[in-house]
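Asker: What follows is a predicted structure for the sequence shown.
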Amino acid sequence: MKAITWHGKHDVRLDSVDDPEILNPRDAIIRVTSTAICGSDLHLYDGYVPTMEKGDVLGHEFMGEVVEIGPKSTLKVGQRVVVPFPIACGSCYHCSKQQYSGCENANPADTQDIGREGMGMPMSGIFGYSHMTGGYSGGQAEYVRVPFSDFGPLVIPDDSIEDDKVLFLSDILPTGWMAAENAEIEPGDTVAVWGCGPVGLFAVQSAFLMGAERVIAIDHFPHRLALAKQFGAEVLNYEQSKIYEALWDMTGGIGPDATIDCVGLESHGAFADNIWDQIKVSTFMATDRPHVIRQAIMATRKGGRVSMPGVYAGFVDKFPLGAFMEKGLTLKTGQTHVHKYLRPLYTAIAEGKIDSTFLISHRMGLDEGPEGYKHFKEEQDTYTKIVLKPGMAATTAA
Amino acid sequence: MGQQEQFMPERDDAPVTAAKDLDSDRALLAEAVTINRDPDDVYAFWRDPTNLVQVMENVAAIERIDDRRSRWTVKGPGGKDVCWVSVITHDVPGEELTWQSEEGAQVANSGKVEFRDAGPRGTVVRAVIAYDPPGGAIGQLIAKLFQREPRIQTRRDLHRLKQFLETGELATSARNRRIHEERYGDESQAEKQA
Ligand SMILES: NC(=O)c1ccc[n+]([C@@H]2O[C@H](COP(=O)([O-])OP(=O)(O)OC[C@H]3O[C@@H](n4cnc5c(N)ncnc54)[C@H](O)[C@@H]3O)[C@@H](O)[C@H]2O)c1
Ligand SMILES: [Zn+2]
Ligand SMILES: [Zn+2]
């Protein structure tokens, strides 16, 4: 089959690899009909995530048609399913607490030691996201093997709902939603959101649905900011304005009640701390560039909440721990517990309460995946979200 | 001051695995895992040693001799199998099992596994294993048998036990059989299961 594979920093290819097979009783094989490139994939593309191996099949946002099932799968051949990016068993203690991204059984025993060393605990299994999370082949491919298929995938009962509407249930919609939930929004709150990528845009939409009175969205790409404005957010372009000063003034010297970091470890911008972080990262003195989370902590009102869906992978320097403590802040974060949100968010989409397609800027064939990565990395303003359709012929070849 | 000291025993309450004054290649190791099943279920699975071959990576075969004794075959260095007979010496159903290798074993070992009720979390399984000290010929053989640091091997085996009892299968991240064999070796768990 054809698949998008990782070969190193900024080296992503379309390869021919051998097909997936059923290995365990609860497995299913899915023929991928739609799959997306995520901001998290850019961290792999830019070489920030350790334990990637040459030839790894990428992709953790995907959906498709069931083509084969193991004896213990409850799916039926021919069903349309959306697959959550974290792999969860449904029967461990963490799963019973609905903390699905903490599932203890999806990461094979042999790949748990790395996480235990680096993070104190093994990480759970994730599709197409390094060997620390198992080394599972991802969904930017024609076919994918899905473990625990009796538990994870959401069957889309209604054929009239097109792929694009439900594809993002696999990750970024629940991620934006959980980010807003973690911000513990109260009616009347002002919420500031850093990053107007797909995650930030869904966080903006979710924050309003949860009762925020004002949402202030921050980025530097005019088109992405315009999408946030479309949902009623006030926008700040950090190339035009000083973010901390603007937030202070706009909230009457109180600060936003809640702040959400939808940027993560690759913060852009020529801020003094960020430049220093870039030097340190390039000389291996630090691993992440945490400009946004620093700024969010400084800006949040006393007693406020900080939500951090943005991904960090290692260690950060100059974390304003004093401000965090003195102001009595709360920080909530984590890989999204996607399974928990699948059904309620599917219903919200079906009932038209959530717009789940507005952010798609490009649809391409799988063959164009490597080009897609390049565009998504270098032209973020226009390439807000790329959906790859393995069934679609390449347009560039024509 | 003297009085306060009476309340503090010589050692704290930490398990032996956390002791700072044991050297790292000690001949005693302990590992624990929490399994979301009743102690009785986990005990019953362990009590029939032929079940364990599925989750123990370096064990090639376990044969039942009688209710208390079983013959263990471990793939040895250079393709030579190493065998011993293991005897259950103490048995508290649902709570604890102690075993010891029979006289004359090539690799003398003994151990204890406890099954502790952990309420809604299931059962804490704690294994303590003692074996001939490393350094000598036997120790080196042990190191080879375990293939990796014995404690890591034990941790992984206990985790496989957890996966098997909680999900009914052993997680593999491989895309297909070929990659599975490459990644987990041809004596793969899936094959032992089959
Ligand atoms: N927690 C989870 O489970 C989860 C799931 C999906 C994605 N993520 C993470 O969420 C983050 C965002 O994902 P995405 O797909 O939206 O990525 P993206 O790269 O498309 O968007 C990031 C946005 O942040 C903006 N940005 C960069 N520096 C900034 C700064 N200093 N101030 C304000 N904005 C800034 C960029 O211009 C860009 O628009 C990533 O770190 C991703 O890994 C987490
Ligand atoms: Zn994603
Ligand atoms: Zn689980």
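Answerer: The structure has been received and is ready for your questions. Ligands and ions are numbered 1, 2, ... in the order given.

Asker: Which residue comes closest to residue 114 once chain neighbours are left out?
Answerer: Looking at chain A here, since you left the chain open. Leaving aside its chain neighbours, A:I114 sits nearest to A:M132 (4.9 Å; criterion: C-beta to C-beta, 6 or more residues apart in numbering or on different chains). C-betas here are computed from N, CA, C, even on glycine.

Asker: please go with chain B instead
Answerer: Per C-beta to C-beta, 6+ apart, closest to B:E114 is B:R126, 4.7 Å.

Asker: Can you name the residues in contact with the helix or strand harbouring the one you found?
Answerer: B:R126 is part of strand B:123-131, with elements assigned from DSSP states H and E. For strand B:123-131, contacts defined as C-beta atoms under 8 Å, 6 or more residues apart in numbering or on different chains pick out B:16, B:27-35, B:37-39, B:41-42, B:46, B:107-118, B:142, B:150, B:154, B:158, B:161-162.

Asker: Pairing partners for it, with directions?
Answerer: Here strand B:123-131 has these sheet partners by DSSP bridges: strand B:28-35 (antiparallel), strand B:109-117 (antiparallel).

Asker: Packed most tightly, which of those would that be?
Answerer: strand B:28-35 (a mean of 20; mean count of other C-beta atoms under 10 Å in any protein chain shown).

Asker: Which residues does the following helix or strand past that strand contact?
Answerer: Downstream of strand B:28-35, the next assigned helix or strand under DSSP H and E is helix B:39-47. Around helix B:39-47, the neighbours that count as contacts under C-beta under 8 Å, 6+ apart are B:35, B:51-52, B:91, B:93-95, B:97, B:113, B:115-117, B:122-123, B:125, B:161, B:165.

Asker: Tell me the buried residues in helix B:39-47?
Answerer: Within helix B:39-47, the residues scored as buried using 16 or more other C-beta atoms under 10 Å in any protein chain shown are B:39, B:42-43, B:45-46.

Asker: okay, those residues in a markdown table with distance to B:D66 next?
Answerer: Converted to a markdown table, these look like this (distance: C-beta to C-beta, whole Å):
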| residue | distance to B:D66 |
| --- | --- |
| B:P39 | 25 |
| B:V42 | 23 |
| B:Y43 | 19 |
| B:F45 | 19 |
| B:W46 | 17 |
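
Asker: Quick one: check the one helix or strand A:A207 maps to for contact with ligand 2.
Answerer: Per DSSP H and E: A:A207 is located in helix A:198-209. No. Figure legend: helix A:198-209 not in contact with ligand 2 (C-beta under 5 Å from the ion); closest approach 8.0 Å.

Asker: neighbouring strands for whatever helix or strand comes next after that helix, and are they parallel or not?
Answerer: As assigned by DSSP H and E, the chain's next helix or strand after helix A:198-209 is strand A:214-219. When pairing is defined by DSSP bridges, strand A:214-219 lines up against strand A:190-194 (parallel), strand A:234-237 (parallel).

Asker: okay, the buried residues of helix B:39-47 in TSV with pLDDT and distance to ligand 3 next?
Answerer: Compiled in TSV, the buried residues of helix B:39-47 are given as follows (pLDDT from 0 to 100; distance: C-beta to the ion, whole Å):
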residue	pLDDT	distance to ligand 3
B:P39	97	20
B:V42	98	17
B:Y43	98	22
B:F45	97	19
B:W46	96	22
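
Asker: So what's the residue count around the residue lying closest to A:Q99 once chain neighbours are set aside?
Answerer: Nearest residue to A:Q99, sequence neighbours excluded (C-beta to C-beta, 6+ apart): A:H337, at 5.9 Å. Close neighbours of A:H337, defined as other C-beta atoms under 10 Å in any protein chain shown, add up to 22.

Asker: Surely A:H337 is in contact with A:P86?
Answerer: Yes. Using C-beta atoms under 8 Å, A:H337 is in contact with A:P86, at 7.5 Å.

Asker: any residues in contact with both of the two?
Answerer: With C-beta under 8 Å, 6+ apart, A:H337 and A:P86 have common neighbours A:100-101.

Asker: so where's the chain uncertain?
Answerer: In the absence of a named chain, this looks at chain A. Low-confidence segments of chain A (pLDDT under 70): A:284, A:393-398.

Asker: think we crossed wires, I meant chain B
Answerer: For chain B, the ranges with pLDDT under 70 are B:1-6, B:17, B:22-27, B:77-78, B:132-148, B:186-194.

Asker: so who does the residue in the stretch 151-300 of chain A that chain B sits nearest to touch?
Answerer: Taking C-beta to the nearest C-beta, chain B has its nearest neighbour within the stretch 151-300 of chain A at A:F151, 9.2 Å off. Counting by C-beta under 8 Å, 6+ apart, A:F151 touches A:26, A:88-90, A:339.

Asker: Point me to the helix or strand that includes it.
Answerer: Judged by DSSP H and E, A:F151 forms part of no helix or strand.

Asker: do A:A3 as well
Answerer: Using DSSP H and E, A:A3 sits within strand A:2-8.

Asker: related to what we said a few turns ago, so does the helix holding A:A207 get close to ligand 1?
Answerer: Yes. Helix A:198-209 is in contact with ligand 1 by C-beta under 6 Å from any ligand atom, via A:198-200.

Asker: Quote the end-to-end distance of stretch A:1-18.
Answerer: Its first and final residues considered, stretch A:1-18 spans 6 Å by C-alpha to C-alpha, to the nearest Å.

Asker: Which residue, other than its chain neighbours, is closest to A:E213?
Answerer: A:G188 (4.9 Å).

Asker: Taking the contacts of helix B:39-47, please make a ChimeraX selection of just the buried ones.
Answerer: To isolate the buried members of those in ChimeraX, using 16+ other C-beta under 10 Å:
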select /B:35,51,52,97,113,115,122,123,125,161,165
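
Asker: Just to check, A:G47 is in contact with A:V12?
Answerer: No. Counting by C-beta under 8 Å, A:G47 does not reach A:V12; the two are 11.3 Å apart.

Asker: Give me the more crowded residue out of those two.
Answerer: Legend: neighbour count by other C-beta under 10 Å for A:G47 and A:V12, higher for A:V12 (24 against 13).

Asker: The more buried one against A:G59, yeah?
Answerer: No. Applying C-beta under 8 Å as the test, A:V12 and A:G59 come out as separate, 10.6 Å apart.

Asker: which parts of the stretch 101-250 of chain A sit against ligand 3?
Answerer: A:103, A:105.

Asker: The stretch 101-250 of chain A: helices as residue ranges?
Answerer: Per DSSP state H, counting those that start in this stretch, the stretch 101-250 of chain A carries helices over the ranges A:113-119, A:163-166, A:172-182, A:198-209, A:222-230, A:243-250.

Asker: Then chain B?
Answerer: Here chain B has its helices, by DSSP state H, at B:2-5, B:39-47, B:137-146, B:150-167, B:177-184, B:189-193.

Asker: Could you pick out the longest strand of chain B?
Answerer: strand B:81-92 (DSSP state E).

Asker: Look up phi and psi at the closest residue to A:Y129 other than its chain neighbours.
Answerer: Leaving aside its sequence neighbours, A:Y129 sits nearest to A:H60 (C-beta to C-beta, 6+ apart; 5.7 Å). Dihedral angles of A:H60 (phi, psi; degrees, to the nearest 10) stand at phi -130, psi 0.

Asker: Burial check on A:H60, number of neighbours?
Answerer: 27.

Asker: neighbours of A:E239, just the number please.
Answerer: 12.

Asker: who's in contact with it?
Answerer: By C-beta under 8 Å, 6+ apart, the neighbours of A:E239 are A:220, A:269.

Asker: Relative to chain A, how far out is the spatially most central residue of chain B?
Answerer: Closest to where the C-alpha atoms of chain B average out (C-alpha atoms, centre = their mean) is B:T154, at 4.9 Å. Between B:T154 and chain A the computed distance is 11 Å (C-beta to the nearest C-beta, to the nearest Å).

Asker: Kindly state the beta-bridge partners for the nearest residue to that residue once chain neighbours are set aside.
Answerer: Leaving aside its sequence neighbours, B:T154 sits nearest to B:E31 (C-beta to C-beta, 6+ apart; 4.6 Å). Using DSSP bridges, the bridge partners assigned to B:E31 are B:A127.
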